[in-house]
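In: sequence and predicted model, in that order:
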Amino acid sequence: MSDDSKAKKLVHLCSKYQEYLSAGASDTNGLKLSEALEKYGLNLHAEALSLYIGGGDVTGGFRLASPWSSSKCYLTKYPPQDADPLDIWFDPYELSFMVRTVNPLGYGKAVIGWVSISPVFYWQYHVFQQLVKFNIRDDSFLQVDDLLASRPFGVDKWDYASDVYHEEAAAYAFWHGKWVSSNIRSEAITELLSSEQLKTVFPEGMSYWDASFSGAEDSRAIFNCGEDKTINKYSIGEWDRSNEIGFMTVITDQVGLISNEVLPRESGECLTLQNCSRKV
């Protein structure tokens with residue numbers, strides 16, 4: 001795919017995804033979005049969305065490719081309550097695949113839930129930027145003038161959303177009723193996943209925003225996954241960003257997916273979200 005062709009297909013995908021969420025995830029818009037996903041090369045996303053629209057809640061009728069081919073995949077509006085460890089859920093709003101996690105010895109119940117099996121893509125984040133409605137709740141912490149504003153991203157490096165502030169990553173996750181992942185949760189899933197599965201969750205060369213406290217109010221935590229499955233933890237400035245830092249979304253059983261009735265939502269230190277992906 002040439003750079004020009006890819007750029008045009010990316011613009012088309014963003015347009016169709018925005019229309020889909022704006023229309024309340026309607027079937028008609030969903031089929032058009034599925035076609036756009038396929039044209040962009042996201043065949044599994046396209047097929048999962050098409051099957052979900054065609055059959056409503058689907059359990060076990062869709063199989064992912066290796067290294068997830070042995071996992072049962074749920075195509076349902078909400079995360080299934082009876083899923084087993086390593087089962088996959090396709091979220092028809094965020095359009096993300098999430099893996100069911102367990103509680104490895106010593107980690108506690110807080111790590112049980114769902115973790116996305118890839119970082120957030122650029123097109124997902126871009127449409128969030130276009131649709132999110134928000135207020136600045138407290139500007140005493142705000143040190144930048146482009147919060148949630150469109151700017152160039154590292155799409156020439158990879159297709160993932162990078163070069164975003166921690167506050168923006170948290171707002172994106174919260175808008176979808178989820179949270180940004182943490183180093184503790186990532187340590188837990190390294191106990192569960194194979195090396196091949198971890199390569200899809202943690203692409204080489206990428207670090208991730210961390211929901212855990214960094215140790216200081218004026219810094220934020222990040223982590224990455226080493227070749228030996230070691231989760232390495234760091235901290236950087238509160239308003240730093242980099243095209244090598246992306247993020248993942250998670251759901252914990254302790255809280256679950258945040259209801260679309262919970263609006264407005266206070267996000268991070270600065271923002272109040274007035275809408276969400278399930279109620280645009």
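Out: Nice, I can see it. It should be emphasised that the depicted structure is a prediction, and the values quoted were computed from it without experimental measurement. Residues are numbered from 1 along each chain as shown.

In: use CA for all of it now, contacts and neighbours both
Out: Fine.

In: for the closest residue to residue 85 other than its chain neighbours, phi and psi?
Out: Excluding the flanking residues, the one nearest residue 85 by C-alpha to C-alpha, 6 or more residues apart in numbering is residue 100, at 5.0 Å. Dihedral angles of residue 100 (phi, psi; degrees, to the nearest 10) stand at phi -80, psi 130.

In: now residue 174
Out: Dihedral angles (degrees, to the nearest 10) for residue 174: phi -70, psi -30.

In: give me every residue that touches it.
Out: Residue 174 makes contact with 265, 267, according to C-alpha atoms under 8 Å, 6 or more residues apart in numbering.

In: and the helices in this structure, which stretches?
Out: All helices of the chain, identified by DSSP state H, fall at 3-22, 27-40, 43-55, 122-131, 166-175, 183-190, 195-201.

In: so which of the ones you listed comes closest to residue 113?
Out: helix 183-190 (9.6 Å; C-alpha to C-alpha).

In: average model confidence for that closest one?
Out: Mean pLDDT, computed over helix 183-190, is 88.

In: one more: stretch 215-229?
Out: In the prediction, stretch 215-229 has an average pLDDT of 93.

In: export it as PDB, just CAs?
Out: Output of stretch 215-229 as PDB, limited to C-alpha atoms (Å, rounded to 0.1, in the frame of the first residue of the first chain):
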ATOM      1  CA  GLY A 215       5.900   8.900  42.900                       C
ATOM      2  CA  ALA A 216       5.600  12.600  42.300                       C
ATOM      3  CA  GLU A 217       2.700  15.000  41.500                       C
ATOM      4  CA  ASP A 218       4.700  16.600  38.600                       C
ATOM      5  CA  SER A 219       5.600  13.400  36.800                       C
ATOM      6  CA  ARG A 220       3.800  10.500  35.100                       C
ATOM      7  CA  ALA A 221       4.600   6.800  34.900                       C
ATOM      8  CA  ILE A 222       5.400   4.800  31.800                       C
ATOM      9  CA  PHE A 223       6.400   1.200  31.300                       C
ATOM     10  CA  ASN A 224       7.600  -1.200  28.600                       C
ATOM     11  CA  CYS A 225       8.000  -4.900  28.200                       C
ATOM     12  CA  GLY A 226      11.500  -6.400  27.700                       C
ATOM     13  CA  GLU A 227      12.400  -9.500  25.700                       C
ATOM     14  CA  ASP A 228      12.500 -11.500  28.900                       C
ATOM     15  CA  LYS A 229       8.900 -10.500  29.800                       C
END
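
In: for it, which positions count as buried?
Out: For stretch 215-229, the neighbour count (16 or more other C-alpha atoms under 10 Å) marks 219, 220, 221, 222, 223, 224, 225, 229 as buried.
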